[in-house]
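Visitor: no FASTA, just this:
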RNA sequence: GGCCCGUUCGUCUAAGGGUUAGGACACCACCCUUUCACGGUGGUGAUACGAGUUCGAAUCUCGUACGGGCUACCA
């Protein structure tokens, strides 16, 4: 029988959560939900020098916004805690020492300067970045080269040291990746990675293996950048817990920017977000805008991310999270990296704005308008406006640009659009229009349009000649939905007052 | 440099040896629209290259080229 599905997302709290990270969460989440398994959030904060205040809370916020909350996490707890690696520090040393006892690891006392010297001294044209590996380890200062007596002494004197894995010299390490199939590595080109740092904290390599074991992780999905260190993890599994207990791996393709791996620089350079939510660096104060703040719906964000490297084989592109849970399959994830296309991302959002129920959309629009200083708008009024403009909105922020004129009487007009053809007969026309509107009992767009056309006919004016001026009078410029729809929503009093006000200027 | 992964329209991708190589975004044209959008119809546009296996290759194999990742007491 197969074991319970348990997956994890294991970010380190160092800053904004980017697209690739969210997609990794998503694939983990979909897989867990589809198999009625558990989705664990583990914080990998073993490098205190890179720890950033607030980054962990920020990650929780992002997952919440995306609607992918973990079943177990530092916040929520669970049966396999603690879920912060910094709080599990004591656990790792035991395993590292076990490895030493079994001859799979050793103490290394080399200082940072000595390591640097090694990299410099052994550097050749053939080997531009020498590694601490089976060829070099015997030339360094470690428990393989120093007498056991001296090692004991050094340890007793609390000499700073690390524990390194002893990678076998000639061995082929293979494993089956759920996306890539069988992958092989020669151990002769793998280096003796540090497992336990001088500060007693584990490195990623040790921590990921120990925690995946202790947390009973069944499937481990992570970014492709981890593929080169997979043999280290495989070997650790073999030495520590047995290959038969190892989770199944899947290395997800990278999400690329215009030039290689997507980065924060791309965001600044090309004007699209890379983080799920805005992130303010507490040190520099630098603010990077997120998809949420840019005006994306979480449904659309999830949807576009899911399709970046995966599809269900059909031509369907718009998926709800429920559909994704049902149809997702890790085997159909691509092996090649995907370049992020912001135009397509916006298209997804547009589709979702059209698809979303008005009630749901309304809540988001209220937020957007509030940010712009428009609050306490009557619900039924807002609903009418949303229905009228939603097809022309791609981002949630567009709802402001497409609707502010309903709430603010224009005080500036695109006079250039009107003035050149403005004349006395048009003035008279609008005077008559005002009189007509005042007497109109049924304030409906269709009625207004009919009356408008009748008056143009009587005055022998082409409707097109006065339609644009009317639009400019009502909204200030050459934009917006149908003029009579706008007038209907504005109401009789406001419509007439706007015409009168503009008439004084034109 | 070494190791690993990858390569179908500009971009995301479909096609489990036999299709006029399909769809979506973007782009272009036309239609709708007396604003701007939305929408509709159509169009331009791809199997990196070279060998092999096969009656037949985008699909399998090998090589080349190109792209990406890794090469820290970072994750």
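Guide: Received it, and whenever you're ready, just let me know what you need. Computed from a predicted model, the values in this text were never measured in an experiment.
Visitor: residue contacts, the nearest residue to residue A:105 once chain neighbours are set aside?
Guide: Nearest residue to residue A:105, sequence neighbours excluded (CB to CB, 6 or more residues apart in numbering): residue A:99, at 3.7 Å. Every C-beta, even on glycine, is put in place using the N, C-alpha and C of the backbone. Contact partners of residue A:99, counting by CB atoms under 8 Å, 6 or more residues apart in numbering, are A:105, A:163, A:165, A:195, A:236, A:239, A:240.
Visitor: Can you add distance to RNA strand B and pLDDT and give those residues back as a markdown table?
Guide: What follows is these, written out as a markdown table (distance: CB to the nearest atom of the strand, whole Å; pLDDT from 0 to 100):
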| residue | distance to RNA strand B | pLDDT |
| --- | --- | --- |
| A:105 | 13 | 97 |
| A:163 | 9 | 98 |
| A:165 | 11 | 98 |
| A:195 | 9 | 98 |
| A:236 | 14 | 98 |
| A:239 | 19 | 98 |
| A:240 | 18 | 97 |
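Visitor: what would the residues you listed look like in JSON lines with neighbour count?
Guide: Shown next, in JSON lines, are those (neighbours: other CB atoms under 10 Å):
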{"residue": "A:105", "neighbour count": "28"}
{"residue": "A:163", "neighbour count": "27"}
{"residue": "A:165", "neighbour count": "25"}
{"residue": "A:195", "neighbour count": "27"}
{"residue": "A:236", "neighbour count": "24"}
{"residue": "A:239", "neighbour count": "19"}
{"residue": "A:240", "neighbour count": "19"}
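Visitor: Dump these to CSV, plus secondary structure.
Guide: Formatted as CSV, those follow (DSSP: H, G, I helix; E, B strand; the rest coil):
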residue, secondary structure
A:105, strand
A:163, strand
A:165, strand
A:195, strand
A:236, helix
A:239, helix
A:240, helix
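Visitor: Quick one: the strands in the stretch 251-400 of chain A, in order.
Guide: A:255-256, A:279-280, A:287-288, A:338-339 (DSSP state E, counting those that start in this stretch).
Visitor: Comparing the ones you listed, which comes out most buried?
Guide: Of the strands of the stretch 251-400 of chain A, the one with the most neighbours on average (mean count of other CB atoms under 10 Å) is strand A:255-256, at a mean of 20.
Visitor: ok, residues contacting that one?
Guide: In this structure, residues lying in contact with strand A:255-256 by CB under 8 Å, 6+ apart are A:19, A:20, A:23, A:261, A:262, A:308, A:309, A:337, A:338, A:339, A:340.
Visitor: So which of those residues belong to helices?
Guide: Secondary structure of those is defined by DSSP state H; positions in helices are A:19, A:20, A:23.
Visitor: of all these, which comes closest to residue A:268?
Guide: Of all the ones in helices among the contacts of strand A:255-256, the one with the least separation from residue A:268 (CB to CB) is residue A:19, at 14.9 Å.
Visitor: Can you report how many residues lie near that closest one?
Guide: For residue A:19, the neighbour count with other CB atoms under 10 Å is 23.
Visitor: before we move on, back to that, figure out which of the strands of the stretch 251-400 of chain A is closest to RNA strand B.
Guide: Distance to RNA strand B, taken as CB to the nearest atom of the strand, is lowest for strand A:338-339 among the strands of the stretch 251-400 of chain A, at 3.4 Å.
Visitor: could you say what helices and strands the closest one packs with?
Guide: Helices and strands touching strand A:338-339, by 3 or more CB pairs under 8 Å, 6 or more residues apart in numbering; DSSP states H and E, are strand A:255-256.
Visitor: follow-up on the earlier one: rebuild the contacts of strand A:255-256 as a markdown table, extending it with pLDDT and distance to residue A:470.
Guide: Output for those, formatted as a markdown table (pLDDT from 0 to 100; distance: CB to CB, whole Å):
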| residue | pLDDT | distance to residue A:470 |
| --- | --- | --- |
| A:19 | 95 | 45 |
| A:20 | 95 | 50 |
| A:23 | 97 | 48 |
| A:261 | 83 | 52 |
| A:262 | 86 | 47 |
| A:308 | 95 | 45 |
| A:309 | 94 | 50 |
| A:337 | 94 | 52 |
| A:338 | 94 | 48 |
| A:339 | 94 | 46 |
| A:340 | 95 | 43 |
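Visitor: and which of those is nearest residue A:92?
Guide: For the contacts of strand A:255-256, the nearest to residue A:92 is residue A:20 (26.8 Å; CB to CB).
Visitor: My guess is residue A:178 contacts residue A:250. True?
Guide: Yes - if you go by CB atoms under 8 Å, residue A:178 and residue A:250 touch, sitting 4.0 Å apart.
Visitor: ranges for the strands of the stretch 101-250 of chain A?
Guide: Assigned by DSSP E, counting those that start in this stretch, the strands in the stretch 101-250 of chain A fall at A:105-108, A:162-165, A:172-177, A:181-186, A:194-196, A:219-223, A:248-252.
Visitor: Can you say which of these is nearest to residue A:300?
Guide: Proximity to residue A:300 (CB to CB) singles out strand A:248-252 among those, at 20.6 Å.
Visitor: mind listing what's buried in the closest one?
Guide: Within strand A:248-252, the residues that count as buried by 16 or more other CB atoms under 10 Å are A:249, A:250, A:251, A:252.
Visitor: again, but for stretch A:395-402
Guide: Residues of stretch A:395-402 classed as buried by neighbour count (16+ other CB under 10 Å): A:395, A:396, A:397, A:398, A:399, A:400, A:402.
Visitor: same question, stretch A:88-99
Guide: A:88, A:89, A:91, A:92, A:93, A:95, A:96, A:99.
Visitor: Correct me if wrong: residue A:328 contacts residue A:29.
Guide: No - counting by CB under 8 Å, residue A:328 sits too far from residue A:29 to count as a contact (9.3 Å).
Visitor: Among these two, which residue is more densely surrounded?
Guide: Using other CB under 10 Å as the criterion, residue A:328 and residue A:29 rank with residue A:29 on top: 26 against 20.
Visitor: Report the angle between whichever strand or helix holds the more buried one and strand A:219-223.
Guide: Using DSSP states H and E, the element containing residue A:29 is helix A:19-34. Per axes from the mean of the first three to the mean of the last three CA atoms, to 10 degrees, the angle that helix A:19-34 makes with strand A:219-223 is 160 degrees.
Visitor: what angle sits between helix A:19-34 and strand A:248-252?
Guide: Computed by the same axes, to 10 degrees, the angle separating helix A:19-34 from strand A:248-252 equals 140 degrees.
Visitor: Can you get me a residue count around residue A:101?
Guide: Residue A:101 has 9 neighbours, counted by other CB under 10 Å.
Visitor: residues from the stretch 251-400 of chain A in reach of RNA strand B?
Guide: A:253-254, A:256, A:259-261, A:307-309, A:311, A:313, A:315, A:317, A:332, A:334-339, A:341, A:343-344, A:347, A:350, A:354, A:391-392 (CB under 7 Å from any atom of the strand).
Visitor: residues touching residue A:356, list them.
Guide: Neighbouring residues of residue A:356 by CB under 8 Å, 6+ apart: A:297, A:299.
Visitor: is it fair to say the residue nearest to residue A:105 lies in a helix?
Guide: Yes - counting by three-state DSSP, residue A:99 is found in a helix.
Visitor: pLDDT at it, what is it?
Guide: pLDDT recorded at residue A:99 is 97.
Visitor: just residue A:264 next, same as before
Guide: 85.
Visitor: can you tell me which residues contact it?
Guide: By CB under 8 Å, 6+ apart, the residues touching residue A:264 are A:16, A:18, A:274, A:275, A:288.
Visitor: One more pass at 10 Å, please.
Guide: Contact analysis of residue A:264 by CB atoms under 10 Å, 6 or more residues apart in numbering lists A:15, A:16, A:18, A:257, A:273, A:274, A:275, A:279, A:281, A:286, A:288.
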